[in-house]
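**Student:** how does the following fold in three dimensions:
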Amino acid sequence: EDEVGDYTIGIRELGPYADYLVINVSSPNTPGLRSLQQREPLRHLLVSTLKARDEYAPHAPLLVKLAPDLTMEEMVDVANVIMETGIDGMIVSNTTNVRPESLLSNHKHETGGLSGAPIKDRSTECIRTMYKLTKGKIPIIGVGGVGSGRDAYDKLKAGASLIQVYSMMVYEGPGVVSRIRKELADILLENGYKSVNDVVGAEHEDIYWSRIEERVRKRMQEREKDEKVIEDL
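**Tutor:** Below is the predicted model:
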């Protein structure tokens, strides 16, 4: 009944111990929660939780976790709110309520969030859309169906800056992270990339090259500052 109060208590009590904080407004297993992704409720929630973060856990980045079931109109609204409030990042995406026709299990009609391989393509598409709508200015943690280096690579190209793995950990255990990392490193080298940062958002040429130019500009400014310091010495 008091969403802002609940999130504020969580930030106050747990924020000091966290490396980062996530405002999850997209769990399909909590009745009514996804309504918080609408424009005004989301703006009110993010503004309030940012204030709580600044007060109780100023060291911790604050991110919002989004559903893969948003319509394009809803994604536009969410992107505008995220840009306006200045939140530190997004996690895209949570599990889905949708049941693809490709599901074979006899349990496919059960309620709850569907994760893993069946949502891989949808989550990647959501990353692609949110990256474009926010012009690459808001970091994205990509999650949903990541089971290989290729899956991680596809999400990075779509706009993710970081990758999370959940379902595959159940099937392979923690060692899956090393496998995915090695596969990703091989793919990056094969495609001429020297680092993960170089591939982020590569599908969006206009945004991508703008980011590269900005990075080069900053390096040149830093070099000029260093050269000036040396001259002053």
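
**Student:** which helix or strand contains residue 46?
**Tutor:** helix 39-56 (DSSP states H and E).

**Student:** which residues touch that helix?
**Tutor:** Defining contact as Cβ atoms under 8 Å, 6 or more residues apart in numbering, one finds that helix 39-56 is touched by 3-4, 7-8, 11-12, 15-16, 21, 23, 25, 35-36, 60, 62, 64, 77-78, 80-82, 84-87. For glycine as for every other residue, the C-beta is placed from the backbone atoms N, C-alpha and C.

**Student:** residue 105 and residue 169: what is the separation?
**Tutor:** 20 Å (Cβ to Cβ, to the nearest Å).

**Student:** over to residue 23: give its phi and psi.
**Tutor:** Dihedral pair for residue 23: phi -90, psi 100, per degrees, to the nearest 10.

**Student:** just checking, it touches residue 63?
**Tutor:** Yes: applying Cβ atoms under 8 Å as the test, residue 23 and residue 63 come out as touching, 7.1 Å apart.

**Student:** list the buried residues for the lengthiest helix in the chain?
**Tutor:** The longest helix of the chain (DSSP state H) is helix 205-232. Within helix 205-232, the residues that qualify as buried are 207-208, 211, counting by 16 or more other Cβ atoms under 10 Å.

**Student:** nearest to residue 161, of those?
**Tutor:** Residue 161 lies nearest to residue 211 out of the buried residues of helix 205-232, by Cβ to Cβ, at 10.9 Å.

**Student:** what about the closest residue to the closest one other than its chain neighbours, neighbour count?
**Tutor:** With sequence-adjacent residues excluded and distances taken as Cβ to Cβ, 6 or more residues apart in numbering, residue 211 is closest to residue 136, at 5.9 Å. Residue 136 has 19 neighbouring residues, counting by other Cβ atoms under 10 Å.

**Student:** tell me who's in contact with residue 136.
**Tutor:** 159, 201, 204, 207-208, 210-211.

**Student:** wait, residue 124 sits on residue 143?
**Tutor:** No: when contacts are counted by Cβ under 8 Å, residue 124 is not listed as touching residue 143 (10.3 Å).

**Student:** re earlier: so what pLDDT did the residue nearest to residue 211 get?
**Tutor:** Note for residue 136: predicted pLDDT of 96.

**Student:** with the one 5 residues further on instead?
**Tutor:** Residue 141 is assigned a predicted lDDT (pLDDT) of 98.

**Student:** quick one: which helix or strand includes it?
**Tutor:** Counting by DSSP H and E, residue 141 is part of strand 140-142.

**Student:** what's the weakest-modelled helix or strand in this protein?
**Tutor:** Sorting the helices and strands of the chain by mean pLDDT, DSSP states H and E puts helix 205-232 at the bottom, at a mean of 82.

**Student:** who does that one touch, helix- and strand-wise?
**Tutor:** Identification of packing neighbours for helix 205-232 by 3 or more Cβ pairs under 8 Å, 6 or more residues apart in numbering; DSSP states H and E yields no helix or strand.
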